[in-house]
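Chemist: Here you go, sequence then predicted model.
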Amino acid sequence: MVDIIIIVVIALIALGVVIAVLTSSENNKTKEIQNYLNKIQELGYNITNEENKPYDYLISNENTTFIVKLIKIPEYSEIQINNKVTWEVKYGAGNTVGKAQPYKKYLKEIEPFMNLVVDNSFTKLVIATPKPKKMVKYINECEIVFVTPKTDVYGVKLISLNDLTLFNENK
């Protein structure tokens, strides 16, 4: 009987540690996003948090307005854009150079944002967090381009968290 109690106590302690680590990790990611948004505000932009819409933020100044979708991906992952609404995240290899990514998932939450019709006064922007190892866009079966902040991805710009390039260009 005492052995069972000891095992249950150890299991509860282990569960508590796992929950504490996961909560701490999520809080750090939230803080990192908030710090990034604060840097954008310091550049003179207004930020509006949007709910129940296919995008997360409106970021604007007197020159431009960004409609922003924030996508959360696993660490050390790669984003592969197959077409306008099919975005694939490959992950699981860690920071190992040359190792193939063993897992993949599709970003289903990107489809409503990509199909959102806006006029030319807005710039649609996707921000990936944390920074992906690489971002590529398939042109056809044989041609791939690496995505940079200047690359047009079906009418959208794609950057990683902490990249301020587009915001500095439109001050």
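Modeler: Looks like it came in fine.

Chemist: which residues of this protein score low on pLDDT?
Modeler: Within the chain, the segments meeting pLDDT under 70 span 1, 16-29, 171.

Chemist: Repeat the analysis, applying 90 as the threshold.
Modeler: Along the chain, segments meeting pLDDT under 90 span 1-32, 51, 63, 76, 92-101, 103, 120-121, 140-141, 162, 168-171.

Chemist: In it, what residue spans correspond to strands?
Modeler: 46-49, 57-60, 65-72, 78-81, 87-91, 103-106, 122-129, 134-138, 144-146, 156-160 (DSSP state E).

Chemist: so who does the most centrally placed residue in the chain touch?
Modeler: Centrality entry for the chain: nearest residue to the mean C-alpha point is residue 128, 2.4 Å, by CA atoms, centre = their mean. Residue 128 is in contact with 71, 73, 79, 135, 158-161, counting by CB atoms under 8 Å, 6 or more residues apart in numbering. Yep, even glycine has a C-beta here, placed from its N, CA and C like the rest.

Chemist: Closest one of the residues you listed to residue 61?
Modeler: Closest approach to residue 61 among the contacts of residue 128 (CB to CB): residue 159, at 16.8 Å.

Chemist: From residue 13, how far off is residue 55?
Modeler: Separation of residue 55 from residue 13 (CB to CB, to the nearest Å) stands at 42 Å.

Chemist: now swap in residue 122 and tell me
Modeler: Taken as CB to CB, the span from residue 122 to residue 13 is 51 Å.

Chemist: Residue 88 too?
Modeler: Counting by CB to CB, the gap from residue 88 to residue 13 is 39 Å.

Chemist: The two - which one has more neighbours?
Modeler: residue 88 (17 against 10; other CB atoms under 10 Å).

Chemist: My guess is the more buried one contacts residue 77. True?
Modeler: No: using CB atoms under 8 Å, residue 88 makes no contact with residue 77, being 10.0 Å away.

Chemist: re the thing from before, for the contacts of residue 128, could you give me a markdown table that also reports distance to residue 118 and neighbour count?
Modeler: What follows is the contacts of residue 128, written out as a markdown table (distance: CB to CB, whole Å; neighbours: other CB atoms under 10 Å):
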| residue | distance to residue 118 | neighbour count |
| --- | --- | --- |
| 71 | 18 | 19 |
| 73 | 24 | 20 |
| 79 | 22 | 25 |
| 135 | 22 | 23 |
| 158 | 16 | 25 |
| 159 | 18 | 21 |
| 160 | 22 | 17 |
| 161 | 23 | 18 |
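
Chemist: So which of these is the closest to residue 41?
Modeler: residue 161 (15.2 Å).

Chemist: so that closest one sits right up against residue 34, yeah?
Modeler: No: checked against CB under 8 Å, the pair residue 161 and residue 34 is beyond contact range at 11.1 Å.

Chemist: Before I go, just wanted to say thanks for your time.
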